[in-house]
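Student: attaching a predicted model along with its sequence, questions to come.
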Amino acid sequence: MDRLSVLDDTFVVLERDNLPMHIGSLLIFDGAPPEYSELVAHVASRLDRLPRYRQVIREVPLNLGRPTWQDDTHFSLEYHVRHTAVPHPGGPEQLRALAGRLFSHRLDMQRPLWEMWLIEGLADNQFAILNKIHHAMVDGLSGTDVMEMLLDESPDVQIDEARQWKPQRPPSTVEVLSDALIDTVRNPLGRLKHLAEDLGSPKDAMVNAAAAIVGTLRIGETLAHTEDQLLGQPGPHRRWAWAEGDLAEVKRIKTEIGGTVNDVILAAITNGYREFLLGREPMLPEHAFVRTMVPVSTRPPGAPKGGNEVAVMFADMPVGLANPRTRFEAIRQQMAAAKRSGTVEGLDSLLENAVFLPPALYAAAGRLAAMTPQPAVSTITTNVPGPQKQLYMLGRPMDRMLGYVPLGMNQLITVAIVSYNGQICCGITADYDQVPDVEVLADGIEAGLAELSDLAG
């Protein structure tokens, strides 16, 4: 029986009206939009590659085990693939407003946790596809792989005939409970087996344990110090905007002034937050910072896709520093230190050892955490490397790929960085009522990239 992982189940626990836990993307294409029926046929022809898209989450009675994935016996593709249009003139403002409304709506937790919207009415002979998928199904990196599966490297691809699909019989309550009890015993025993294997190689065990302990302590230390510049309980509605840049230029900048592509982008985002905060407060102290959590994928190359395999690092973005060179150096040094600190290993250790918790206790703890304000992290900044080649859907070339990441507890703004075919796009999610000036942040990010470009000569 296929169960949700500990981390995947956390995203289900966190789900509520003002905190929908889906990630998403907006894909913009050149050319006339396909017919709705053509898009449905295209998705149907490839759905066998995505078995999770026909499954639903079912709780185990009395929380005696982690929830299971089961085939949806009433699956309807037309429910998940939808059709809409932006109002005239169909420019970026209209598209952002529509996308913000669509991303605001929660997914139906009683159905497979995804939606796809065909959006017509865009100017310049374009159309868009908006995707929503619950974070319990897929993290950002494997989400990009799902998009690649629906896209093609060539415009000359025919729609295959969809295969007949028949859902498997849902397990009985007795079967679910029996499997849950076995799983409750099997998982801790499996973890103990790994610990026993470590004892067979004491030197390696010491190295691994040291990394995990240092990382765990650093996570606790980081979360113990906080600031409150961008904190607040989000409402149910979202604004969505984006900033754009050239990936080749970002690479040139990091080659000239050092660091990594991620450092350059974080420095540009730091300028965005600086401009955003200066628009609300005329003065910022030099020591002011915005703390962000930076998720990092830990999925090995070639590993099976789906589910979440992520760790986190933290960065204090120095918004109080006026000099762009100084800001960049502060970011670069922080990220280099975080990679050496063991933080990633520490989070892995916490998640691995979560299997020792009784499922009912874990579920209760997760719900408690979801209701508790978390002032330690002001925002989340994800960086997902997308495909660096021209892709097509139904013969139409994809022009841009934009990412969406949900708001966390007590957070009003998050940023999703996605690269595609030589472009860098920062999708900015913001609370609708408390962040009406989200465009200031987007403009500030683009201005930050321009500043770094000037520094690089």
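Tutor: Sure, I can see it.

Student: could you pull out the helices for the stretch 351-457 of the chain?
Tutor: 359-371, 438-455 (DSSP state H, counting those that start in this stretch).

Student: name the helix or strand of the protein that has the lowest mean pLDDT.
Tutor: Scoring the helices and strands of the chain by mean pLDDT, DSSP states H and E places helix 202-224 at the bottom, with a mean of 55.

Student: beyond that helix, next helix or strand please.
Tutor: strand 238-246 (DSSP states H and E).

Student: run through who's touching that next one.
Tutor: 96, 99-100, 103-104, 265, 268, 272, 400, 402, 404, 407, 422-432, 435-436, 438-439, 441-443, 445-446, 449 (C-beta atoms under 8 Å, 6 or more residues apart in numbering). The way it works is simple: take the backbone N, C-alpha and C, and place the C-beta from them, glycine included.

Student: strand partners (parallel or antiparallel) of that strand?
Tutor: Paired neighbours of strand 238-246 in the sheet (DSSP bridges): strand 423-431 (antiparallel).

Student: can you give me the buried ones in the strand it pairs with?
Tutor: Neighbour-count burial for strand 423-431, counted by 16 or more other C-beta atoms under 10 Å, picks out 423-431.

Student: out of those, which is nearest to R3?
Tutor: T429 (29.3 Å; C-beta to C-beta).

Student: wait, doesn't A416 sit right on V384?
Tutor: Yes - counting by C-beta atoms under 8 Å, V384 is a contact partner of A416 at 7.0 Å.

Student: returning to that earlier point: can you say which of the contacts of strand 238-246 are buried?
Tutor: The buried subset of the contacts of strand 238-246 - by 16+ other C-beta under 10 Å - is 96, 99-100, 103-104, 265, 268, 272, 400, 402, 404, 407, 423-432, 435, 438-439, 441-443, 445-446, 449.

Student: tell me the contacts of P89?
Tutor: A123.

Student: check for me that it belongs to a helix.
Tutor: No - going by DSSP: H, G, I helix; E, B strand; the rest coil, the assignment for P89 is coil, not a helix.

Student: make 3 the first number, not 1, from now on.
Tutor: Sure thing, new numbering starts at 3, so read that last one as P91.

Student: tally of neighbours for D110?
Tutor: The number of residues packed near D110 is 12, by other C-beta atoms under 10 Å.

Student: distance of it relative to E17?
Tutor: 11 Å (C-beta to C-beta, to the nearest Å).

Student: where does pLDDT dip in the stretch 353-459 of the chain?
Tutor: 353-378 (pLDDT under 70).

Student: how about a cut-off of 50?
Tutor: For the stretch 353-459 of the chain, no stretch has pLDDT under 50.

Student: now swap in the chain and tell me
Tutor: Where the chain drops to pLDDT under 50, the residues are 227-228.

Student: could you chop it up by domain?
Tutor: Annotated domains of the chain cover 8-175, 199-389+407-457 [automatic domain parsing].

Student: how far does the first one stretch from start to finish?
Tutor: Translated: domain 8-175. 22 Å (C-alpha to C-alpha, to the nearest Å).

Student: what does stretch 4-24 give?
Tutor: Distance between the two ends of stretch 4-24: 21 Å, counting by C-alpha to C-alpha.

Student: quick one: the closest residue to M319 other than its chain neighbours and P387, what's the gap?
Tutor: Nearest residue to M319 in three dimensions, chain neighbours excluded: T272, at 4.0 Å (C-beta to C-beta, 6 or more residues apart in numbering). As judged by C-beta to C-beta, T272 and P387 stand 20 Å apart.

Student: before we move on, the earlier item: the domains of the chain: which one's closest to R398?
Tutor: domain 8-175 (4.1 Å).

Student: what's the neighbour count on I333?
Tutor: 26.

Student: contacts for the helix or strand hosting it?
Tutor: I333 is part of helix 326-343, with elements assigned from DSSP H and E. Contacts with helix 326-343, where a contact means C-beta under 8 Å, 6+ apart, come from 216-217, 220, 259-262, 264-266, 268-269, 272-273, 276, 296, 315-320, 323, 450, 453-454, 457.

Student: and stretch 437-450, by the same measure?
Tutor: Taking C-beta under 8 Å, 6+ apart as the rule, stretch 437-450 contacts 241-247, 269-278, 281-282, 326, 414-415, 428, 430, 432.

Student: buried subset of those as a ChimeraX selection?
Tutor: One line in ChimeraX is enough to select the buried ones among the contacts of stretch 437-450; burial here means 16+ other C-beta under 10 Å:
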select :241,242,243,244,245,247,269,270,271,272,273,274,275,276,277,278,326,414,415,428,430,432
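
Student: about what we covered before: quick one: the residue nearest to M319 and G322 touch, right?
Tutor: No - contact between T272 and G322 fails when scored by C-beta under 8 Å: they sit 10.1 Å apart.
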